[in-house]
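S.K.: here's a sequence, model it:
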Amino acid sequence: MSSDFTYSIQSVRFDEHYSPSSDTRLTTNFANLARGEARQENLRKAINMINNCFNSLAHWDNPNKDRYSVELDIVHVDIDVEGNGETFPTIEVLKTYIVDNHTNKRIEGIVGNNFSSYIRDYDFSVVLRNHNQGQDHFSVPANYGELHGKMFQDFVSSRAYKENFSKPPVICLSVSDNKTYHRTSNQHPVLGVEYKPNESSLTEQYFKTMGMDVRYFMPPNSVAPYAFFFFGDLLNDYSTLELISTLSTMETFQKIYRPEIYNANAVAGEVYKPSLNNADCSLTQVVYDREERARLAVEQGKWCEEHFIQRHQLTLEQWAANFAEPAL
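M.R.: Residues are numbered from 1 along each chain as shown. Sure thing, here's the model as predicted:
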């Protein structure tokens, strides 16, 4: 039995011609947009939104707001657990690149941004659901998310990751609609004003098992804060343009997917409680199937249980028991 997992990385360009592969989680933001009759129009509009958002934030030396374009690669990661060449799709993230149309330079951006994981589907839609079935109150099972967290840290510290990416990932997600956020006096020139939650969310705790810290910022021109999950020092480890590339990408996806929060007509105040029932919001012109997303998450979780967790259970348990957290 091999004690080390092997990771392989493939990238595909996210553009108007993008079509999801058979290994892609269909609930992923970018995959959802790339299906149906309006797929090409969806993709074109989403990319245009990303570029407009980027140029709005990177406004210096950019009078016509057309200096930059964002290019996106979908990074697909497979894992070989047993060392026998049999692989399973673990995660997909996005890698940003910034094209300076004035200098014709292509600048490396941030890897991460969106976060897609079959094992997370298994944890949230199978493990958590089964644990709480028939219970009077919600609770989290012991060691919840530990395997996923250890695998993610193992991947980020792996040779495959370091050969492909120069900096640790940053994941940008929506705030939790069952928490309250308080504005602080701290302000960043790009990420905007910082907010702090009244308590930790389940998502926050889940990413903690992945070794990631979280901070919440509401950028200029935005109406609600975003959750930024990261290793190290978010505000000083990344350049201004790198941060804007993540922000413009994920703000676009969140406006499409959660317009009640991120395309609301009212800006978050000093005390902010997000609501998915907020009707005072504007819908984008991009078609997004949220009902399908909720249904498929359960199917994907069960598929992961059958084809990965059960198939490699002994190996995974032994590996997790002996895992030592790397210095990332």
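S.K.: ok, so what distance separates residue 189 from residue 219?
M.R.: 10 Å (Cβ to Cβ, to the nearest Å). Using the backbone N, CA and C atoms, a C-beta is placed for each residue, glycine as well.
S.K.: and these two? which has more neighbours close in?
M.R.: residue 219 (23 against 11; other Cβ atoms under 10 Å).
S.K.: let me see the contact set for the closest residue to that one other than its chain neighbours.
M.R.: Closest residue in space to residue 219, ignoring its immediate chain neighbours: residue 192 at 4.0 Å, by Cβ to Cβ, 6 or more residues apart in numbering. Shown in contact with residue 192 (Cβ atoms under 8 Å, 6 or more residues apart in numbering): 217, 218, 219, 220, 222.
S.K.: checking the first one next. Helix, strand or coil?
M.R.: Three-state assignment for residue 217 (DSSP: H, G, I helix; E, B strand; the rest coil): strand.
S.K.: show me what contacts it?
M.R.: Taking Cβ under 8 Å, 6+ apart as the definition, contacts of residue 217 comprise 188, 191, 192, 193, 194, 195, 225, 226, 228.
S.K.: so where's the stretch 201-328 of the chain shaky on pLDDT?
M.R.: Applying pLDDT under 70 to the stretch 201-328 of the chain flags the ranges 287-295, 327-328.
S.K.: please report the distance of the nearest residue to residue 209 once chain neighbours are set aside from residue 119.
M.R.: With sequence-adjacent residues excluded and distances taken as Cβ to Cβ, 6+ apart, residue 209 is closest to residue 149, at 3.0 Å. Using Cβ to Cβ, one gets 10 Å for the distance from residue 149 to residue 119.
S.K.: returning to what we had before: wait, the residue nearest to residue 209 sits on residue 210?
M.R.: Yes - counting by Cβ atoms under 8 Å, residue 210 is a contact partner of residue 149 at 4.4 Å.
S.K.: please name the bridge partners of the residue nearest to residue 219.
M.R.: Residue 192 forms beta bridges with residue 188, as assigned by DSSP bridges.
S.K.: give me the pLDDT for it.
M.R.: What the model reports as pLDDT for residue 192 is 97.
S.K.: so what's the residue count around residue 56?
M.R.: Neighbour tally, residue 56, other Cβ under 10 Å: 16.
S.K.: for it, which three-state class applies?
M.R.: helix.
S.K.: that one and residue 212, how far apart?
M.R.: 28 Å.
S.K.: number of nearby residues for the closest residue to residue 271 other than its chain neighbours?
M.R.: Excluding its sequence neighbours, the residue lying closest to residue 271 (Cβ to Cβ, 6+ apart) is residue 182, at 5.7 Å. Using other Cβ under 10 Å, residue 182 has 14 neighbouring residues.
S.K.: would residue 182 count as being in a strand?
M.R.: Yes - per three-state DSSP, residue 182 lies within a strand segment.
S.K.: residue 273 versus that one, what's the distance?
M.R.: 10 Å.
S.K.: please apply the same query to residue 232.
M.R.: Counting by Cβ to Cβ - residue 232 and residue 273 are separated by 30 Å.
S.K.: try residue 107
M.R.: Distance from residue 107 to residue 273, by Cβ to Cβ: 38 Å.
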